[in-house]
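K.L.:
next come a sequence and a model predicted from it.
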Amino acid sequence: MRCNAWPNARRAKPHHCYNPEYVLFFLIRTPSSTTPPPLPHPPLPPISTPPSHIHPFPPTTHPPPRPTMSTPLPPSSVERYSRQLLLPTFGVRAQTKLQTSRALIVGCGGLGSPALLYLAGAGVSVLGLVDRPHDVVDRSNLHRQIAHADARVGQSKVASAAAAARALNPHVVIETHAEFVARNAVELVSTYHVVLDCTDNVAARYLVSDACAAAKVPLVSGAAIGMEGQLTVYCAGADTPCYRCVFPAPPPPSCVGSCDAAGVLGPVPGVIGTMQALEALKLLGGIEKTTTLRRKLLLFDAADSAFRTVKLRPRARECPACGDEPSIEVARFAYEAFALGRDGKAPVGGVTVEAPAANAVPGLDGLRISAEKFAGIRKDASKYRLIDVRPEAEFAMCHLEEAKSYPLADLPSSGVLVEGDDADTVQTIFICRRGNSSQKALKLAVERGMQNAVDVIGGLQSWHHKVDANFPLY
Ligand SMILES: Nc1ncnc2c1ncn2[C@@H]1O[C@H](COP(=O)(O)OP(=O)(O)OP(=O)(O)O)[C@@H](O)[C@H]1O
Ligand SMILES: [Zn+2]
């Protein structure tokens, strides 16, 4: 693509023929009709190939021919990376460093996708890609996880991401790791020059950071949800904090959101993942006249199109991960338990870090029905009222025809938690996406004395899987 916006107008140059000297030159060389015809060539001798042990040319004392070019990079690299080589602050110096660098991306989702594509495009030597062993590309990933493709839905995420990186730049060596667990984390990160945390859960964040602190590998950490994102560089130098220095204790599980629950606009992780690649390039290439986000947290507010940076405290000398006397043994730390607010010291034997399962609400025994049972009840519309307790945005996406929308937060004041006079014959059925909010609604109903209320186990997801595959799954 032309980066130059000037029109491609040809400059008018004087033509050689207008120069009287050239005109003279052509006139003298033009064969005249009086020139005698050329003599016929003598017949060519038959081709004889010398025996292979005899060199066809006599040894020469001349110096070897002058090389036609001088570049520290292979010619193909000059062409491929020319637009970044042209940048004075990057140039051949940074490119050469990049071409011996190894970068590890943990999580090939919304953040990892742009990050891995930009690092592959820029020409890092080796790109390590990590994701959970059983995480496959889902159609709902594609609006933001742009390394994947519709044709690869159902394929493992690392395999799909590797295919995308290879398609963009076949010169980059791709190493795939379909697991990232406490027992192998330090060993794995220590073989790379930089690590990018592109995961989406608290347990993984502590694990990646602790491993980088132990292996003394810089970590570019990103996060994005809804319309917000943030980004910083940890563990990069003596005064740079690790994730644990900044967040010594995990947030309460109720405050931890996920894109799966809260939603996210695709370009938001796109911006943060792209900036993670940028920070990684600065660290790997040692780009001149730039600073990285060491000890700075960049906050992105997509709703206001605003960026702001806050200063972070320096490395805490008493930090159990990166302090003067580190005490955390990454291979034995219970990251899942710790993320849920419990002690992380119990050995876990290297269990894969997974998002915690939703807790069952106690006291609802016998009051919950399966999706199949609800399908049976549904045959007689006069026998029940269906209360959908999902947020309005989700109800607007899809709902069962007869459902009435009462988001969980509005339920206590809605008047729904009162049984009508027909309580003997009309049952109240609560439903939500997965059966978590509906349990809470049912609990409220029971506490208010409702006798004839139930909720649907597994919610509308279970409805999709067990009753009607046409009902959208999200
Ligand atoms: N401990 C871990 N080891 C390896 N990969 C991880 C770990 N924790 C999270 N991940 C991966 O990080 C990625 C996070 O990306 P993102 O949140 O965009 O995707 P997602 O979880 O697939 O999306 P959604 O929340 O919409 O289902 C996921 O692919 C997830 O599997
Ligand atoms: Zn620390």
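P.N.:
Here it is on my side, so go on. Ligands and ions are numbered 1, 2, ... in the order given.

K.L.:
how distant is the lengthiest helix in the chain from the center of its chain?
P.N.:
The residue-count maximum for a helix in the chain (DSSP state H) belongs to helix 267-285. Chain-centre distance of helix 267-285: 10 Å, with Cα atoms, centre = their mean, to the nearest Å.

K.L.:
CA atoms only: put that helix into CSV for me.
P.N.:
What follows is the C-alpha trace of helix 267-285 in CSV, where atoms were taken according to Å, rounded to 0.1, in the frame of the first residue of the first chain:
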residue,chain,number,x,y,z
PRO,A,267,-12.6,-3.6,19.5
VAL,A,268,-12.1,-3.1,23.2
PRO,A,269,-10.0,-6.2,23.7
GLY,A,270,-8.7,-5.4,20.2
VAL,A,271,-7.2,-2.1,21.4
ILE,A,272,-5.7,-3.6,24.6
GLY,A,273,-4.4,-6.8,22.9
THR,A,274,-2.8,-4.6,20.2
MET,A,275,-1.2,-2.4,22.8
GLN,A,276,0.1,-5.5,24.5
ALA,A,277,1.9,-6.5,21.3
LEU,A,278,3.2,-2.9,21.1
GLU,A,279,4.7,-3.1,24.6
ALA,A,280,6.2,-6.5,23.9
LEU,A,281,7.8,-5.1,20.7
LYS,A,282,9.3,-2.2,22.7
LEU,A,283,10.7,-4.6,25.3
LEU,A,284,12.0,-7.1,22.7
GLY,A,285,13.4,-4.7,20.2
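
K.L.:
number the residues from 2 up from this point.
P.N.:
Shifting the count to begin at 2 puts that one at helix 268-286.

K.L.:
what's downstream of it, the next helix or strand?
P.N.:
Next in sequence after helix 268-286, counting helices and strands by DSSP states H and E, comes strand 297-302.

K.L.:
that following strand to helix 268-286, inter-axis angle?
P.N.:
160 degrees (axes from the mean of the first three to the mean of the last three Cα atoms, to 10 degrees).

K.L.:
may I see the buried residues of strand 297-302?
P.N.:
298-299, 301 (16 or more other Cβ atoms under 10 Å). Where C-beta positions appear, they are placed from N, C-alpha and C, glycine not excepted.

K.L.:
repeat for stretch 215-226
P.N.:
Neighbour counts over stretch 215-226 (16+ other Cβ under 10 Å) mark 215-216, 218-226 as buried.

K.L.:
can you check stretch 239-251 too?
P.N.:
Buried residues in stretch 239-251, counting neighbours by 16+ other Cβ under 10 Å, are found at 241-247, 251.

K.L.:
can you check stretch 301-311 too?
P.N.:
Neighbour-count burial for stretch 301-311 [16+ other Cβ under 10 Å]: 301, 303.

K.L.:
tell me the pLDDT of residue 182.
P.N.:
What the model reports as pLDDT for residue 182 is 89.

K.L.:
repeat for residue 426
P.N.:
For residue 426, the model assigns a pLDDT of 86.

K.L.:
can you classify residue 231 as helix, strand or coil?
P.N.:
Of the three states, residue 231 takes strand under DSSP: H, G, I helix; E, B strand; the rest coil.

K.L.:
that one reaches residue 244, doesn't it?
P.N.:
No. When contacts are counted by Cβ atoms under 8 Å, residue 231 is not listed as touching residue 244 (12.0 Å).

K.L.:
so for residue 173, what's the nearest residue that isn't a sequence neighbour?
P.N.:
Distances taken as Cβ to Cβ, 6 or more residues apart in numbering place residue 121 nearest to residue 173, at 4.9 Å, with adjacent residues excluded.

K.L.:
is it true that that neighbour touches residue 174?
P.N.:
No. Using Cβ under 8 Å, residue 121 is not in contact with residue 174; the gap is 10.2 Å.

K.L.:
looking at those two, which is more packed in?
P.N.:
Taking neighbours as other Cβ atoms under 10 Å, residue 121 and residue 174 compare with residue 121 leading, 27 against 13.

K.L.:
tell me the mean pLDDT for the helix or strand containing the more buried one?
P.N.:
Element membership for residue 121 (DSSP H and E) is helix 113-123. Mean per-residue pLDDT for helix 113-123: 98.

K.L.:
enumerate every residue touching the residue nearest to residue 370 when sequence neighbours are not counted.
P.N.:
Closest residue to residue 370 apart from its sequence neighbours, by Cβ to Cβ, 6+ apart: residue 455 at 5.0 Å. Neighbour list for residue 455: 368-370, 428-431, 443 [criterion: Cβ atoms under 8 Å, 6 or more residues apart in numbering].

K.L.:
related to what we said a few turns ago, among the buried residues of stretch 239-251, which are located in helices?
P.N.:
Of the positions in those, 244-247 sit in helices, assigned by DSSP H.

K.L.:
how about a markdown table for the residues you listed, with distance to residue 142 and pLDDT added?
P.N.:
Shown next, in a markdown table, are those (distance: Cβ to Cβ, whole Å; pLDDT from 0 to 100):
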| residue | distance to residue 142 | pLDDT |
| --- | --- | --- |
| 244 | 25 | 97 |
| 245 | 30 | 97 |
| 246 | 32 | 97 |
| 247 | 29 | 96 |
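
K.L.:
of those, which is the nearest to ligand 2?
P.N.:
Set against ligand 2, the nearest of these by Cβ to the ion is residue 246 (3.4 Å).

K.L.:
and for residue 275, the neighbour number?
P.N.:
For residue 275, the count of nearby residues is 18 (other Cβ under 10 Å).

K.L.:
check contacts around it.
P.N.:
Contacts for residue 275 (Cβ under 8 Å, 6+ apart) come out as 115-116, 119.

K.L.:
most neighbours, which of the residues you listed?
P.N.:
Among the contacts of residue 275, the one with the most neighbours (other Cβ under 10 Å) is residue 116, at 31 neighbours.

K.L.:
can you name the residues that contact that one?
P.N.:
Residue 116 is in contact with 106, 197, 199, 223, 274-275, 277-278, 281, counting by Cβ under 8 Å, 6+ apart.

K.L.:
secondary structure element holding residue 326?
P.N.:
According to DSSP H and E, residue 326 maps onto no helix or strand at all.

K.L.:
what's around it, how many residues?
P.N.:
Neighbour tally, residue 326, other Cβ under 10 Å: 8.
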